[in-house]
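1. can't give you the sequence, but here's the structure:
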């Protein structure tokens, strides 16, 4: 398939021509190319850096057909690169489909018994096994490992860390020796110093960050994926936890101040990336909502879109719109930085050089 497009290309913002041939981007003209658009906005494929292909909305494991449907939903929303931050099923069969987003897998969640969602993770009775299991998951994943840093401890009725600081250091070092990075689910305050001090590469959620732990993140170069549309479910979680009033109050407080927390992290220089936490309690395909939520936490529209596109792709080691790069990009009729309504309605998506979700064929010019 030979394609031609002309439009405003982000992040540079210049009007230019792109061609696609054999699934790759070319800045040189390609003969007999079909012109898809002569105006519009062309953005490197969006990134959902925290999602779960394989976890059914409402809970439970997806079958293959359900996982494919989730991936299709992400693709049609423009999310062409997914960092799957823990899945209970093996989704490598999706790699065989040229029409589905690329998935960067973090293996399965690693937790302790009764300290995470049932049947989703690997549960370790002895925390001393953590380094070996992390190394194993590093070899099974795509350069990432996901551990559960904190969760409710029902014996005390509030969020508590799952691991000792010494074991965390051993485990993260083990992942790094395997060439993998480590991220962690963490809601509260107490687990953060140990995780960051152990050299973790990224934090998911991070609602308990303080000025001190934000400063630690900056020193260590730790990234943050705040999953703001998922954090908006905290009041419902608190309402369902009436047996644990301290935990419920804690979750409400974390939710109340999360935008200020993320704004403080951003102002301090912590690298931020978008992730919806789709799967379970969040439906797939909501990357536009998460980008919009970041603008409500102090990022400019350009910064928020970059956190879901060109900057996120660079962070994950994937190219943007470059000569010879895979033709993975999203085309909009208007500037996608103007708001979620535009972002949520791509004119069409190009994935590996093929056009998907072409919303309005009238906009194409041949």
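-> Nice, thanks for sending it over. Since the structure is predicted, the reported quantities are computational estimates derived from the model, not experimental observations.

2. May I see the domains of the chain written out as residue ranges?
-> Annotated domains of the chain cover 2-43+320-356, 46-316 [the TED database].

3. Save the ones you listed as CSV, and put in mean pLDDT and mean neighbour count too.
-> Every C-beta, even on glycine, is put in place using the N, C-alpha and C of the backbone. Formatted as CSV, those follow (pLDDT from 0 to 100; neighbours: other C-beta atoms under 10 Å):
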stretch, mean pLDDT, mean neighbour count
domain 2-43+320-356, 97, 18
domain 46-316, 97, 20
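
4. now the helices for the stretch 251-366 of the chain?
-> Assigned by DSSP state H, counting those that start in this stretch, the stretch 251-366 of the chain shows helices spanning 258-268, 287-295, 301-307, 310-315, 340-343.

5. Can you add distance to residue 206 and give those back as CSV?
-> Listed next are those as CSV, based on distance: least, C-beta to C-beta, whole Å:
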stretch, distance to residue 206
helix 258-268, 7
helix 287-295, 13
helix 301-307, 14
helix 310-315, 16
helix 340-343, 23
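
6. Of all those, which one comes closest to residue 61?
-> Evaluated with C-beta to C-beta, the helices of the stretch 251-366 of the chain place helix 287-295 nearest to residue 61, the distance being 23.1 Å.

7. Just the endpoints, please. Distance across stretch 294-301?
-> 8 Å (C-alpha to C-alpha, to the nearest Å).

8. sorry, that was for stretch 72-84
-> Chord length of stretch 72-84, first to last residue, is 15 Å (C-alpha to C-alpha).

9. That one: how far from the chain's middle?
-> Centroid displacement of stretch 72-84 relative to its chain, using C-alpha atoms, centre = their mean, to the nearest Å, is 10 Å.

10. same deal with stretch 49-66?
-> Offset of stretch 49-66 from its chain centre (C-alpha atoms, centre = their mean): 14 Å.

11. Could you list the residues in contact with stretch 298-316?
-> The contact list for stretch 298-316 (C-beta atoms under 8 Å, 6 or more residues apart in numbering) reads 10-11, 43-49, 81, 83, 104, 223, 259, 262-263, 266-267, 271-274, 287, 290-292, 294-295, 319-320, 336-339, 343.

12. Among the helices of the stretch 251-366 of the chain, which comes closest to residue 22?
-> Nearest of the helices of the stretch 251-366 of the chain (C-beta to C-beta): helix 310-315, 20.7 Å.

13. Go ahead and measure how far the closest one is from the middle of the chain.
-> Helix 310-315 sits 11 Å away from the centroid of its parent chain (C-alpha atoms, centre = their mean).

14. Please shift the residue numbers so they start at 399 in all later answers.
-> Sounds good: first residue 399 from here, last item helix 708-713.

15. Residue 580 is in contact with residue 598, correct?
-> Yes: with contacts counted by C-beta atoms under 8 Å, residue 598 reaches residue 580, the gap being 5.2 Å.

16. How much space separates residue 474 from residue 489?
-> 18 Å (C-beta to C-beta, to the nearest Å).

17. in which helix or strand would I find the nearest residue to residue 551 once chain neighbours are set aside?
-> Using C-beta to C-beta, 6 or more residues apart in numbering and skipping the chain neighbours, the partner closest in space to residue 551 is residue 558 (3.9 Å). For residue 558, the element it lies in under DSSP states H and E is strand 556-559.

18. So which residues of the stretch 449-598 of the chain form helices?
-> Using DSSP H, counting those that start in this stretch, helices in the stretch 449-598 of the chain cover 462-474, 528-538, 563-575, 590-595.

19. next structured bit after the strand or helix carrying residue 414?
-> Assigned by DSSP H and E, residue 414 falls within strand 412-419. Going down the chain from strand 412-419, the next helix or strand is strand 422-424, by DSSP H and E.

20. Contacts for that following strand next, please.
-> Residues from elsewhere that reach strand 422-424, judged by C-beta under 8 Å, 6+ apart: 416, 417, 418, 719, 720, 721, 722, 723, 724, 725, 751.

21. okay, which residue is most central for the chain?
-> Geometric centre of the chain, nearest residue: residue 447, 1.4 Å, by C-alpha atoms, centre = their mean.

22. That residue - that's part of a strand, no?
-> Yes: counting by DSSP: H, G, I helix; E, B strand; the rest coil, residue 447 is found in a strand.

23. Contacts only, for it.
-> 481, 483, 623, 671, 672, 673, 710, 713, 714.
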